[in-house]
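Q: I'll drop the sequence and a predicted model, then ask my questions.
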Amino acid sequence: MSRLVKQAWVDEAWGKALEKTRTNSRRIGAEFPHASQGGKYVLEAPNWWTAGFWPGMLWQLYAENGDEDLKAIAEQCEERLDEVLDGYVKLDHDLGFMWLLTSVANYKLTGREASRVRALKAANYLAARFNLKGRYIRAWNPWSEGEDNSGVAIIDCCMNTSLLFWASEVTGDPRYRHIAEAHMDTVLEHFIRPDGSVYHIVKFNTESGEVVEKLGGQGYAPESAWSRGAAWALYGLSLAYHHTGKQSYLNAAKQV
């Protein structure tokens, strides 16, 4: 395939993506679509873990073609997330998914100071979930009254540590990066099996930091491979390598 033919294919595919997103934007607006059922997106509350995905798509398209309508919707989504950021109690490890794709994207593209502040607040909340003894970022909050899951870490969080790497870059404060690297080192030690498959959940003793058990979570069984978890690990480890240059992260990504 010639270079011109390849470029024509890329241009056509991009044009279709833009057209589809513009159509969806008129249907969805500043809401938070999660998954489709019966050909229509189910909308979730702003605290849902995929809340950053839709505005993140809008920012990607805006970065390429400067569509002001898409930008406006992305900014409205970001503003709606303030109720979650300032409400605090519904925040968990997915702060990166939510504010990397909204506030960090906005700041990088427009230099908007309010977005930088939002993202730094989110980074501080994420850093605060770090357990020093186990060297992991805690995953979820209790799902029900009385539940204690403070020792739970999950492979998904690989994708959120980039928020901490970014915070170190923009503030010059290495503490965010130290936490991100500590968590990723724990991933290397406890989440990746010799064959490159990954555990979804590792549970730690919150006082000693010792591993209590390794769980299947959304995988088929505790020792099975979970494809989405493999994707989180592959992408997250590659990003960690990008931010740090540490060969161990790249090697682990290749292993996965």
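A: Sure, I can see it. Residues are numbered from 1 along each chain as shown.

Q: For stretch 122-130, buried residues please.
A: Going by neighbour count (16 or more other C-beta atoms under 10 Å), the buried part of stretch 122-130 is A122, A123, Y125, L126, A127, R129, F130. All C-beta atoms are positioned from the backbone trio N, CA, C, and that covers glycine.

Q: Please put the alpha-carbon coordinates of that stretch into CSV.
A: Below are the C-alpha coordinates for stretch 122-130, written out as CSV (Å, rounded to 0.1, in the frame of the first residue of the first chain):
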residue,chain,number,x,y,z
ALA,A,122,-7.3,15.0,42.1
ALA,A,123,-3.6,14.1,42.2
ASN,A,124,-3.5,14.9,45.9
TYR,A,125,-6.5,12.8,46.6
LEU,A,126,-5.0,9.9,44.6
ALA,A,127,-1.7,10.2,46.5
ALA,A,128,-3.6,10.2,49.8
ARG,A,129,-4.8,6.7,49.0
PHE,A,130,-1.2,5.3,49.2
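
Q: I'd say L61 and K20 touch.
A: No: between L61 and K20 there is no contact under C-beta atoms under 8 Å: 10.2 Å.

Q: Of the two, which one has the most company?
A: Ranked by neighbour count (other C-beta atoms under 10 Å), L61 and K20 place L61 first, with 19 against 10.

Q: residues in contact with the more buried one?
A: Residues in contact with L61 (C-beta atoms under 8 Å, 6 or more residues apart in numbering) are A17, L18, T21, D67, L70.

Q: re earlier: could I get the buried residues of stretch 122-130 in JSON lines, plus columns for secondary structure, distance to L109 and pLDDT?
A: Output for these, formatted as JSON lines (DSSP: H, G, I helix; E, B strand; the rest coil; distance: C-beta to C-beta, whole Å; pLDDT from 0 to 100):
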{"residue": "A122", "secondary structure": "helix", "distance to L109": "17", "pLDDT": "98"}
{"residue": "A123", "secondary structure": "helix", "distance to L109": "18", "pLDDT": "98"}
{"residue": "Y125", "secondary structure": "helix", "distance to L109": "23", "pLDDT": "98"}
{"residue": "L126", "secondary structure": "helix", "distance to L109": "22", "pLDDT": "98"}
{"residue": "A127", "secondary structure": "helix", "distance to L109": "25", "pLDDT": "98"}
{"residue": "R129", "secondary structure": "coil", "distance to L109": "28", "pLDDT": "98"}
{"residue": "F130", "secondary structure": "strand", "distance to L109": "29", "pLDDT": "98"}
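
Q: Give me the pLDDT value at M1.
A: Looking at M1, its pLDDT stands at 68.

Q: Next: the one 5 residues further on.
A: We have a pLDDT of 92 for K6.

Q: cool, and G146?
A: With respect to pLDDT, G146 has a value of 85.

Q: Which parts of the stretch 101-250 of the chain are helices?
A: Secondary structure of the stretch 101-250 of the chain (DSSP state H, counting those that start in this stretch): helices at 105-110, 113-127, 162-171, 175-190, 227-244, 247-255.

Q: Redo the ones you listed as CSV? Include distance to Y199.
A: Conversion of these to CSV gives the following (distance: least, C-beta to C-beta, whole Å):
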stretch, distance to Y199
helix 105-110, 31
helix 113-127, 21
helix 162-171, 21
helix 175-190, 8
helix 227-244, 8
helix 247-255, 13
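
Q: quick check, nearest of the buried residues of stretch 122-130 to A231?
A: L126 (20.6 Å; C-beta to C-beta).

Q: How about the backbone phi and psi for E207?
A: Per-residue torsions, E207: phi -90, psi -40 (degrees, to the nearest 10).

Q: how many other residues sit next to the residue nearest to it when sequence neighbours are not counted?
A: Nearest residue to E207, sequence neighbours excluded (C-beta to C-beta, 6 or more residues apart in numbering): K133, at 6.5 Å. Using other C-beta under 10 Å, K133 has 13 other residues around it.
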